[in-house]
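Peer 1: below is the sequence, then the predicted model.
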Amino acid sequence: MILKANEVKHLYRRTARFYDAALLGYQLLGLDRHRQKAVAALALRPGDTVVDLECGTVANFPALVHAVGPTGQMIGMDLSEAMLAQARGLITRKGWTNAHLVHG
Ligand SMILES: C[S@@+](CC[C@H](N)C(=O)[O-])C[C@H]1O[C@@H](n2cnc3c(N)ncnc32)[C@H](O)[C@@H]1O
């Protein structure tokens with residue numbers, strides 16, 4: 001099923017607050033290991049810039065932060081303001097000054 005942009009926005013406006021909590025079950029099944037493998041496959045180096053399209057709540061960022069280091073940059077893009085608000089909260093809590101969000 002393909003959703004239109006306004007349907008995606010509506011879906012994530014309703015679910016953004018619960019998205020990370022909903023991931024916990026998958027994390028118990030090893031989801032983070034798969035995220036780390038995916039990031040490792042990118043062969044990023046310290047100082048690299050990485051763009052995470054459809055970043056959601058930036059669940060990929062913890063592995064990316066480690067890969068690009070403090071001199072690297074992470075840019076997350078998503079069309080859902082609600083998901084970006086969750087992402088912004090995590091970025092602030094973690095103090096990732098090299099993480100940036102784009103709405104689009
Ligand atoms: C299932 S979530 C995945 C989020 C994140 N990548 C992760 O691994 O947890 C899908 C995300 O893609 C975003 N999205 C879907 N279609 C998009 C589009 N055409 N442009 C930008 N973001 C989009 C949604 O708003 C949502 O945040």
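Peer 2: Received, thanks.

Peer 1: now the residue in the chain that the ligand sits nearest to, nearest residue through space, not along the chain?
Peer 2: Taking C-beta to the nearest ligand atom, the ligand has its nearest neighbour within the chain at Gly56, 2.5 Å off. Quick note: C-beta positions are derived from backbone N, CA and C, even for glycine. Ranked by C-beta to C-beta, 6 or more residues apart in numbering and with sequence neighbours excluded, the top spatial neighbour of Gly56 is Met83, at 4.8 Å.

Peer 1: could you look up the next helix or strand downstream of the strand or helix carrying that neighbour?
Peer 2: Secondary structure assignment for Met83, by DSSP states H and E: helix 81-94. Using DSSP H and E, the helix or strand that directly follows helix 81-94 along the chain is strand 99-103.

Peer 1: how much does that following strand deviate in direction from helix 81-94?
Peer 2: 170 degrees (axes from the mean of the first three to the mean of the last three C-alpha atoms, to 10 degrees).

Peer 1: just checking, what packs against strand 99-103?
Peer 2: Packing contacts for strand 99-103, counted by 3 or more C-beta pairs under 8 Å, 6 or more residues apart in numbering; DSSP states H and E, involve strand 73-78, helix 81-94.
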